[in-house]
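Student: structure, please.
(one chain, ligands or ions: 1)
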Amino acid sequence: MTQAISTPEHPPHHQAVDDFAIHCQHVNKVFVETVEGSRRWSNWFRGERRVVKAVNDVSFTVKRGEIFGLLGPNGSGKSTLIRLLSTLLLPDSGTLSIFGKDVVRHQHEIRRWINRVSVEASFFKKLSAMENLRYAARLYGLPVEEGENRAMEILRRLGIRKNKVHTPLENLSRGMQQKVAIARALMTSPVLILLDEPTTGLDPKSKRDVQKYVKEVMQTHDATIFLTTHDMEEAESLCDRIAIIDQGRIVALDTPDGLKRLVGADSMETVFFELTGKDWEEALADEDMDA
Ligand SMILES: Nc1ncnc2c1ncn2[C@@H]1O[C@H](COP(=O)(O)OP(=O)(O)OP(=O)(O)O)[C@@H](O)[C@H]1O
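Tutor: Modelled structure (predicted):
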């Protein structure tokens, strides 16, 4: 039987908004870019700039304990939204709160309740998975033995073999490093985990291990998960609700079945096409060309 893991930090329970992990209302974030090929300062002064509405009047709520997915093609605003949620960026307008606390006024408090996992996670690459997790445990004030046990258990559940636990990260595959990034986020039992493309670049077996683990985390931790993905199957099988984002706007938000019913479709590809007029495979191909 799996046992609930206690969380060292919990958000306050007394507020009415407590049931919402995320409350996002009419949030906007605009960037100003130089137009392609016009990077010279003289062009900048001549006004050859482009305003990008990376997040455009976005409103949604995420309930505590939910797995919420943000599905969209390249450049649709997913990373910007994740950076807003993790307080790395501030909204230009609108209101955004995490467990009832405003991201502009309570950044420090919020940072204790969130843990962001991204492909570019910064690690000590010369250290092993175990050493990295031990370091994270110490950073979050876990007793040494508890930290070590939790690290071992997490690595085991993620399917990382014992003989790889003490190998320097730089000698592990990218997929394996990604698993360790997720493992590190789970060391602190955060209440809001932001997973930025959690399984991109993983082989099918590792992908299944990670997805299985994410589901398990939901049953054993007091956690809420907000994940971005390109993977429609992943969104459908993992997420309680999915928001489809295109050009900074959320075009639909519902359960996977609700989204299909909305447009009378039997696949998420068709849902995306019906809502945006774009072919999903083409949107992903554009992404590969941009990358
Ligand atoms: N710091 C920045 N300065 C200028 N423009 C930016 C900046 N960050 C993002 N953008 C632009 O905002 C838009 C949304 O970008 P964002 O990275 O949020 O999209 P995404 O959906 O995460 O894409 P990807 O799947 O490639 O990560 C894009 O047009 C991008 O070029």
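Student: what's in contact with stretch 164-174?
Tutor: With Cβ atoms under 8 Å, 6 or more residues apart in numbering as the test, stretch 164-174 has contacts from 123-132, 152, 155, 176-177, 180, 201. Quick note: C-beta positions are derived from backbone N, CA and C, even for glycine.
Student: oh sorry, the question was meant for stretch 243-262
Tutor: With Cβ under 8 Å, 6+ apart, stretch 243-262 has contacts from 52-60, 68-73, 75-78, 80-81, 235-236, 239-242, 265-268, 270-272, 275-276, 278.
Student: quick one: it near the ligand?
Tutor: No. Using Cβ under 6 Å from any ligand atom, we find that stretch 243-262 stays clear of the ligand, coming within 6.7 Å at best.
Student: so which residues of the stretch 51-200 of the chain form strands?
Tutor: Counting by DSSP state E, counting those that start in this stretch, one finds strands in the stretch 51-200 of the chain at the ranges 67-71, 93-98, 101-102, 114-117, 192-196.
Student: okay, now the unreliable bits of the protein?
Tutor: Low-confidence segments of the chain (pLDDT under 70): 1-18, 35-47, 118-122, 188-190, 286-291.
Student: flag every buried residue along the longest helix along it.
Tutor: In terms of residue count, the longest helix belonging to the chain (DSSP state H) is helix 204-220. By neighbour count on 16 or more other Cβ atoms under 10 Å, the buried set for helix 204-220 is 206-207, 209-211, 213-214, 217-218.
Student: closest to residue 140 out of the residues you listed?
Tutor: Nearest to residue 140 among those is residue 217, at 16.3 Å by Cβ to Cβ.
Student: can I assume the closest one is in contact with residue 186?
Tutor: Yes. Judged on Cβ atoms under 8 Å, residue 217 makes contact with residue 186 at a distance of 6.3 Å.
Student: overlap in contacts, the two.
Tutor: Each of residue 193 lies in contact with both residue 217 and residue 186 under the rule Cβ under 8 Å, 6+ apart.
Student: tell me the contacts of the nearest residue to residue 182 once chain neighbours are set aside?
Tutor: Counting by Cβ to Cβ, 6 or more residues apart in numbering, residue 182 lies nearest to residue 117, which is 5.4 Å off, once chain neighbours are set aside. Shown in contact with residue 117 (Cβ under 8 Å, 6+ apart): 181-182, 184-185, 193-196, 198.
Student: so which of those is the most crowded?
Tutor: Tallying neighbours with other Cβ atoms under 10 Å puts residue 198 at the head of those, with 28 neighbours.
Student: dihedrals phi and psi, that one?
Tutor: Main-chain dihedrals, residue 198, degrees, to the nearest 10: phi -60, psi -30.
Student: quick check: the gap between it and the ligand.
Tutor: Distance of residue 198 to the ligand, given as Cβ to the nearest ligand atom, to the nearest Å: 13 Å.
Student: that residue touches residue 225, doesn't it?
Tutor: No. Residue 198 is not in contact with residue 225 according to Cβ under 8 Å; the separation is 9.1 Å.
Student: find residues that contact each of the two.
Tutor: Joint contacts of residue 198 and residue 225 (Cβ under 8 Å, 6+ apart) are residue 214.
Student: now, of the contacts of stretch 164-174, which are buried?
Tutor: Of the contacts of stretch 164-174, these count as buried by 16+ other Cβ under 10 Å: 123, 127-132, 155, 176-177, 180.
Student: from the contacts of residue 117, pick the one nearest residue 48.
Tutor: residue 196 (31.3 Å).
Student: against the ligand, how distant is residue 180?
Tutor: For residue 180 relative to the ligand (Cβ to the nearest ligand atom), the value is 21 Å.
Student: centroid residue for this structure?
Tutor: What sits nearest the mean C-alpha location of the chain, by Cα atoms, centre = their mean, is residue 195, with 2.5 Å.
Student: all good on my end, thank you.
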